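Participant: 3D, please:
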Amino acid sequence: MTTVQDVVQELYHLTGGRVLLSKSVPKEDHPFVIWKSSGIEGKEVLENPGLVYGDPNRRIQKIAVAMTLSEQDIELAAATGVDAIVAHHPIADGASSGGVTLRNYLDLYDIAVIELHEAFHGLHPGIPFLHGHKVRHADIHYGGKEGNVMYIGTPFSEIKTLGDILDRLDTFMALEEEEMTLEAERGLKGLSSSVTETSLVTRGRIFLGETNTPVQHILHIFPHTGFTPEDLVEAKRSFPEIDTVLASISRVRKDSPLVHQARKLGLNFIIGNCHVLEIYENGLPLAYALEMLLPNLEVVIFREKVTSIPLREMGNSRLREYGERMAANHLVNRVKV
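Facilitator: Just a heads-up that it's a prediction; the model follows:
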């Protein structure tokens, strides 16, 4: 029988020792125990790779791999017999548990939770692979900033243009199937074309260059990790051969300082996969690794899908009537106008 600690132990080996084996391990100088803070009062969180909560000796049969823990994951785990959730992103009291304390919520269903995040980054070349290049230089602390990941990559032989990168992503991410799924939902529920879903509305695009623009040397960045225009200048100085900036996980606006700087440097600029697809990029390899290392465990994926729906199309007619009545009779009438 497998225990929660067995999962932690395998994650320790899988990450080359980046995961804490127990809560008693000193954290002060651990390179992957990291405070994440924007300086917003009370909103910082400590990344603590390893078991966040739960009995390490508990016997388990089923685990879920998720990106960001939320009340949806906790409820889905409880309803489907999941004993432990391995979340990629850091877990925080309240924010990861529907506004209530984690301890009360997880104890209610006897679910253990484990987090990885930075401890998992840089362990496999999946994200560059999906974007069509082989990494020849990697830095996960570029410019001395924790988690500021950058790759220098050489395109695969079949990737000759910016358009080839976009076509490859659309195929791997099965975006055509996602479009058909959304269209079927619109038809079934009588929804307008305004209803959309994150993976489709954020699909890859080209900001600088054309679909037939050649690509030979790629700088792959992740803007949300703190990559700045100054970092771009330094990267171009260190790797003068780069001709294309590829931004993925997060994206930038077309008029952003990063795009302006890329134009000054004569670089192409292309947007790849967005953060919502990281469950494929990082979640899927992690889930397969756990299945291989712990064959007695059933492993499932918890995938998040966020849909944008105009207010007047949300829910059925009874729900819409309920929402409007509650707002008019119990909320708006309290506001002095």
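Participant: contact partners for the residue nearest to residue 313 when sequence neighbours are not counted?
Facilitator: Excluding the flanking residues, the one nearest residue 313 by C-beta to C-beta, 6 or more residues apart in numbering is residue 191, at 5.4 Å. For glycine as for every other residue, the C-beta is placed from the backbone atoms N, C-alpha and C. Counting by C-beta atoms under 8 Å, 6 or more residues apart in numbering, residue 191 touches 185, 309, 313.
Participant: from those, which ones fall inside helices?
Facilitator: residue 185 (DSSP state H).
Participant: pick out whichever of the contacts of residue 191 sits closest to residue 106.
Facilitator: Ranked by distance to residue 106 (C-beta to C-beta), those are led by residue 309 at 30.3 Å.
Participant: point out where the stretch 201-337 of the chain drops to low pLDDT.
Facilitator: 337 (pLDDT under 70).
Participant: where do the strands sit along it?
Facilitator: 205-208, 218-221, 244-249, 268-274, 298-301, 307-308 (DSSP state E, counting those that start in this stretch).
Participant: now these as TSV including distance to residue 166 and mean neighbour count?
Facilitator: Formatted as TSV, the entries for the strands of the stretch 201-337 of the chain read as follows, by distance: least, C-beta to C-beta, whole Å; neighbours: other C-beta atoms under 10 Å:
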stretch	distance to residue 166	mean neighbour count
strand 205-208	7	18
strand 218-221	14	26
strand 244-249	11	25
strand 268-274	7	24
strand 298-301	25	16
strand 307-308	23	12
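Participant: out of the ones you listed, flag the one nearest residue 36.
Facilitator: strand 244-249 (15.5 Å).
Participant: and the closest one, which strands flank it?
Facilitator: Neighbouring strands of strand 244-249 in its sheet, by DSSP bridges, are strand 218-221 (parallel), strand 268-274 (parallel).
Participant: which of those sits closest to residue 80?
Facilitator: Of all the strands paired with strand 244-249, strand 268-274 sits nearest to residue 80, with 27.0 Å by C-beta to C-beta.
Participant: list of residues touching that closest one?
Facilitator: 127, 130-131, 162, 165-166, 169, 173, 198-199, 202-209, 213, 215, 220, 243-252, 258-259, 262-263, 281.
Participant: kind regards, and thank you for your time.
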